[in-house]
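*Asks:* My questions are about this predicted structure, shown below with the sequence.
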Amino acid sequence: MCELFGVSTSEPVRLYCSLDEFAKHGGGSHVNRSGWGVAYYEDNDVLLIREALPAVQSPWIGFLESHGLTSNCTICHVRYASVGAPSIVNTHPFRRELGGHMHVFAHNGTLSSIEKKLPFESSEFRPVGQTDSEYAFCILLQRLAPLWQASATEAPALADRLNVVVQTAADLRRQGAANFLYADGDVLFAHADRRRFDVDGEFGEPRPPGLCLGYTRDLVKGMEIKWPVTATAGILVASVPLTGEGWVPLEEGTVIALREGEEVARVSS
């Protein structure tokens, strides 16, 4: 199935071996051949690069590594199309503006009949493509919109945003597997559910863990990440651990919030 990879650090860093290894999961060592995308945050804006091609075949991966693009919040996704044809419009991550911030969302799983079970509450956000994932993103933004519209230029209180993310995650879990990464320019949220694991090219029934956490202090030797580890705090979130050790599974139904390489909130539901 699709795979997620997110990074939150205390200062802008350049993904090196981690991005290369993740790309191999996009049609190389795994079967995610329907597209890939990466979103780099800089201040309140985002550089978004996507292709509806296998990441492992893309010259963009080498370009991104060699040209030193840096960020303290990055979201990556490799896609196995289950809803919506392989195309740019259906390729994650998805991006929208709300409250003067760019919001980014990527999802792993299938949300069956989400349009019928979770109808839109307003017309403010609508999907551009056909995926259940983008539909879920629009639902989340509609629910968050009142907070952002009332907050002028500052981000709304984290506790208020977290409550909306946690409630929406619970609603999505009832429709199917709902692992996702969501960032709003201030915080990177990660929600862990169940996922279908690829074993010798075959997918089993969804089961936890849907996401795992890695900490730079534990992973730097195995991943050869190119940043000053002694000065930079960092947390990585991945569907599938990118090295053989040092990763901690997130319990099913857990939402965490990461800011500048630190975990600032955690809720289990």
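*Replies:* Everything's here; your move. The model shown is predicted, which means the values in this text are computed figures rather than measured ones.
*Asks:* Now do the SS call for residue 169.
*Replies:* The three-state assignment at residue 169 reads helix, by DSSP: H, G, I helix; E, B strand; the rest coil.
*Asks:* give me the number of residues near the closest residue to it other than its chain neighbours?
*Replies:* The shortest distance from residue 169 to any non-neighbouring residue, by Cβ to Cβ, 6 or more residues apart in numbering, is to residue 191 (4.4 Å). The C-beta positions use only the backbone N, C-alpha and C, and glycine is treated the same way. As a burial measure, residue 191 scores 27 neighbours (other Cβ atoms under 10 Å).
*Asks:* Please save the CA atoms from whichever strand or helix holds residue 191 in CSV.
*Replies:* When elements are assigned from DSSP states H and E, residue 191 belongs to strand 188-192. C-alpha atoms of strand 188-192 as CSV (Å, rounded to 0.1, in the frame of the first residue of the first chain):
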residue,chain,number,x,y,z
LEU,A,188,3.2,18.3,11.8
PHE,A,189,0.4,16.0,12.9
ALA,A,190,0.7,12.2,12.5
HIS,A,191,-2.2,9.8,12.9
ALA,A,192,-1.4,6.0,13.2
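*Asks:* Tell me the buried residues in it?
*Replies:* Within strand 188-192, the residues scored as buried using 16 or more other Cβ atoms under 10 Å are 188, 189, 190, 191, 192.
*Asks:* Tell me if I'm right that the last one and residue 213 touch.
*Replies:* No - the pair residue 192 and residue 213 does not pass the contact test of Cβ atoms under 8 Å, sitting 9.1 Å apart.
*Asks:* between those two, what contacts are shared?
*Replies:* 249, 250 (Cβ atoms under 8 Å, 6 or more residues apart in numbering).
*Asks:* Low-confidence bits of the stretch 51-200 of the chain, can you list those?
*Replies:* The stretch 51-200 of the chain contains residues with pLDDT under 70 at 55-56, 61-62, 65-68, 79-86, 196-200.
*Asks:* let's see it at 90
*Replies:* For the stretch 51-200 of the chain, the stretches with pLDDT under 90 are 51-71, 76-89, 91-92, 108-110, 112-113, 115, 121-124, 130, 150-154, 194-200.
*Asks:* can you map out the strands along it?
*Replies:* Per DSSP state E, counting those that start in this stretch, the stretch 51-200 of the chain carries strands over the ranges 71-79, 94-98, 101-108, 179-183, 188-192, 198-199.
*Asks:* can you tell which of the ones you listed is closest to residue 144?
*Replies:* Nearest of those to residue 144, taken as Cβ to Cβ: strand 94-98 at 6.8 Å.
*Asks:* Pull up the gap between the nearest residue to residue 3 once chain neighbours are set aside and residue 133, please.
*Replies:* Excluding the flanking residues, the one nearest residue 3 by Cβ to Cβ, 6+ apart is residue 239, at 4.1 Å. Counting by Cβ to Cβ, to the nearest Å, the gap from residue 239 to residue 133 is 14 Å.
*Asks:* Of these two, give the one with the bigger neighbour count.
*Replies:* residue 133 (30 against 27).
*Asks:* quick one: contacts for the residue lying closest to the more buried one once chain neighbours are set aside?
*Replies:* Leaving aside its sequence neighbours, residue 133 sits nearest to residue 107 (Cβ to Cβ, 6+ apart; 3.7 Å). Contacts for residue 107 were tallied using Cβ under 8 Å, 6+ apart; they are 2, 4, 92, 132, 133, 136, 137, 178, 179, 180.
*Asks:* in stretch 105-112, what counts as buried?
*Replies:* So for stretch 105-112, counting by 16+ other Cβ under 10 Å, buried means 105, 106, 107, 108, 109, 110, 111.
*Asks:* pretty sure the last one is touching residue 137, no?
*Replies:* This points to residue 111. No - using Cβ under 8 Å, residue 111 is not in contact with residue 137; the gap is 11.0 Å.
*Asks:* list the helices and strands the top helix by length along the chain packs on?
*Replies:* Longest helix in the chain, counting residues (DSSP state H): helix 132-149. Judged by 3 or more Cβ pairs under 8 Å, 6 or more residues apart in numbering; DSSP states H and E, helix 132-149 is in contact with strand 94-98, strand 101-108, helix 114-117, helix 158-173, strand 179-183.
*Asks:* Can you give me the buried ones in that helix?
*Replies:* By 16+ other Cβ under 10 Å, the buried positions in helix 132-149 come out as 132-145, 147-148.
*Asks:* With that, I have no additional questions.
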